[in-house]
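Peer 1: Next input, structure requested:
(chains A and B)
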Amino acid sequence: DGGITQSPKYLFRKEGQNVTLSCEQNLNHDAMYWYRQDPGQGLRLIYYSQIVNDFQKGDIAEGYSVSREKKESFPLTVTSAQKNPTAFYLCASSIGTATSTDTQYFGPGTRLTVL
Amino acid sequence: QQQVKQSPQSLIVQKGGISIINCAYENTAFDYFPWYQQFPGKGPALLIAIRPDVSEKKEGRFTISFNKSAKQFSLHIMDSQPGDSATYFCAASKGSNYKLTFGKGTLLTVNP
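Peer 2: Numbers count the residues shown, from 1 in each chain, chains lettered A, B, ... in the order given. As a prediction, this is how the structure comes out:
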């Protein structure tokens, strides 16, 4: 079964704690992405990675960190510096053709709630 | 600055009717315009996409109309079905830039 998996599906965190969201893909895609989705706000790009050991900030990177040590994995850490972390987090991947038509495929998402 | 504006925010259509969702963009460098469909609790999935060198693209009941001079594009869903009830996002990207810029989404409800 090819695709993108995100775990856990639901995550609860206390204020002041860091938490790491997992994203794994077996599509052999070079590029991976993290988005945040809030009601009525669409999808906003947090970080993206075009290749292993390289990543760039998206539009709302403050309070988040990522790593890309393996091609198939792109974990996202939500740090205590993120002021409003409660949201639905989506991971995506694409072949990485460096063209605008490079289709992004999304995982099922992780819903993070800060208590 | 919102580069892709989507309307309406929500839409209710009767079964068999036509659903129309509109998007407008500002950046003339955008050259790829996909539409994504998202069901509750799931990730978005690519529905249909268009390049600005064509004015219309049709796939089954789904059609994108593109107006380059007006910097607008729209999604038409013909013979809307209750199973089409979902949130729809338009998006845009440019050149070798990996980034997709999304609209804020339209919640479509198709009543039986």
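
Peer 1: How many residues are close by residue 101?
Peer 2: Picking chain A for this. Close neighbours of residue A:101, defined as other CB atoms under 10 Å in any protein chain shown, add up to 12. The C-beta positions use only the backbone N, C-alpha and C, and glycine is treated the same way.

Peer 1: Not quite, go with chain B.
Peer 2: Close neighbours of residue B:101, defined as other CB under 10 Å, add up to 22.

Peer 1: secondary structure class for residue B:83?
Peer 2: Here residue B:83 is recorded as helix under DSSP: H, G, I helix; E, B strand; the rest coil.

Peer 1: in chain A, what residue is nearest chain B?
Peer 2: Nearest residue of chain A to chain B, counting by CB to the nearest CB: residue A:106, 3.3 Å away.

Peer 1: mind checking the backbone torsions on the spatially closest residue to that residue that is not a sequence neighbour?
Peer 2: In space, residue A:106 comes closest to residue B:43 once its chain neighbours are excluded; the distance is 3.3 Å by CB to CB, 6 or more residues apart in numbering or on different chains. Dihedral angles of residue B:43 (phi, psi; degrees, to the nearest 10) stand at phi -80, psi 160.

Peer 1: near chain A, which residues of chain B?
Peer 2: When proximity is defined as CB under 8 Å from any CB of the partner chain, chain B approaches chain A at B:6, B:9, B:30-32, B:34, B:36, B:41-46, B:49, B:51, B:89, B:93-100, B:102-105.

Peer 1: Sort out for me which of those residues are in strands.
Peer 2: If you go by DSSP state E, those have B:6, B:34, B:36, B:45-46, B:49, B:89, B:102 in strands.

Peer 1: Can I get the buried ones among these as something I can paste into ChimeraX?
Peer 2: Here is the ChimeraX command that selects the buried residues among those (16 or more other CB atoms under 10 Å in any protein chain shown):
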select /B:6,34,36,49,89,102
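
Peer 1: mind giving me a markdown table with the ones in strands among the residues of chain B next to chain A and columns for pLDDT?
Peer 2: Formatted as a markdown table, those follow (pLDDT from 0 to 100):
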| residue | pLDDT |
| --- | --- |
| B:6 | 97 |
| B:34 | 93 |
| B:36 | 96 |
| B:45 | 95 |
| B:46 | 93 |
| B:49 | 93 |
| B:89 | 97 |
| B:102 | 93 |
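
Peer 1: Need the max-distance pair from the ones in strands among the residues of chain B next to chain A.
Peer 2: Farthest pair in these (CB to CB) is B:6 and B:45. Separation: 17.3 Å.

Peer 1: If you drop the residues flanking it in sequence, what lies closest to the residue most central in space within chain A?
Peer 2: Residue closest to the mean C-alpha point of chain A, counted by CA atoms, centre = their mean, is residue A:34 at 2.6 Å. In space, and not counting its chain neighbours, residue A:34 is closest to residue A:46: 4.3 Å by CB to CB, 6+ apart.

Peer 1: Can you tell me what sits against the host helix or strand of the one you found?
Peer 2: Element membership of residue A:46 [criterion: DSSP states H and E] is strand A:43-51. Applying CB atoms under 8 Å, 6 or more residues apart in numbering or on different chains, the external contacts of strand A:43-51 come out as A:30-38, A:55-61, A:64, A:66, A:68, A:74, A:76, A:89-90, A:96, A:98, B:44, B:89, B:98-100, B:102.

Peer 1: In strands only, show me the residues you listed.
Peer 2: Those of the contacts of strand A:43-51 lying in strands (DSSP E): A:31-37, A:55-57, A:64, A:66, A:76, A:89-90, B:89, B:102.

Peer 1: Kind regards, and thank you for your time.
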